[in-house]
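Colleague: Need the 3D shape of this:
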Amino acid sequence: MTFVDCLEECIENKSFVLEFNRLTNSKLGIDTRSPIERVIDDACGYDKQKKDMRKFVDFVYEFIWYPLLPHNQ
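Modeller: Numbering: from 1, shown residues only. Just a heads-up that it's a prediction; the model follows:
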């Protein structure tokens with residue numbers, strides 16, 4: 001299994017994503033913006049999900065992937 005495979009497994013697990021959101025105060029996969037906010041964000045190039053996804057990748061690496069590496073045996 002590669003790190004990308006690990007990420008895919010984690011992102012497909014809805015309860016894992018919900019717990020990640022709860023622990024990190026993120027909203028990965030949840031869009032609470034109004035239609036006008038979406039249009040403005042799209043026009044400005046702002047993407048909150050991008051920041052949350054970066055936090056998710058770091059979270060999975062630190063708490064799932066890294067502890068599984070052989071150096072910890």
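
Colleague: ok now stretch 28-41, how far from the chain's centre?
Modeller: In terms of CA atoms, centre = their mean, to the nearest Å, the centre of stretch 28-41 is found 17 Å from the chain centre.

Colleague: Tell me the buried residues in it?
Modeller: Using 16 or more other CB atoms under 10 Å as the test for burial, stretch 28-41 gives residue 28. Bear in mind the C-beta positions are built from the backbone N, C-alpha and C, glycine included.

Colleague: Quick one: residues contacting the residue positioned nearest the centre of the chain.
Modeller: For the chain, the residue nearest the mean C-alpha position is residue 56 (3.1 Å; CA atoms, centre = their mean). Residues counted as contacts of residue 56 (CB atoms under 8 Å, 6 or more residues apart in numbering) are 10-11, 17, 20, 26, 28.

Colleague: how about it, secondary structure?
Modeller: helix (DSSP: H, G, I helix; E, B strand; the rest coil).

Colleague: tell me which residues in the helix or strand that contains residue 21 are buried?
Modeller: If you go by DSSP states H and E, residue 21 is part of helix 14-24. Buried residues in helix 14-24, counted by 16+ other CB under 10 Å: 16-17, 20-21.

Colleague: Who are the packing partners of that helix?
Modeller: Other elements packing on helix 14-24 under the criterion 3 or more CB pairs under 8 Å, 6 or more residues apart in numbering; DSSP states H and E are helix 3-12, helix 48-60.

Colleague: Let me know the next secondary structure element after the last one.
Modeller: Scanning forward in sequence from helix 48-60, with DSSP H and E defining helices and strands, the next element found is helix 66-68.
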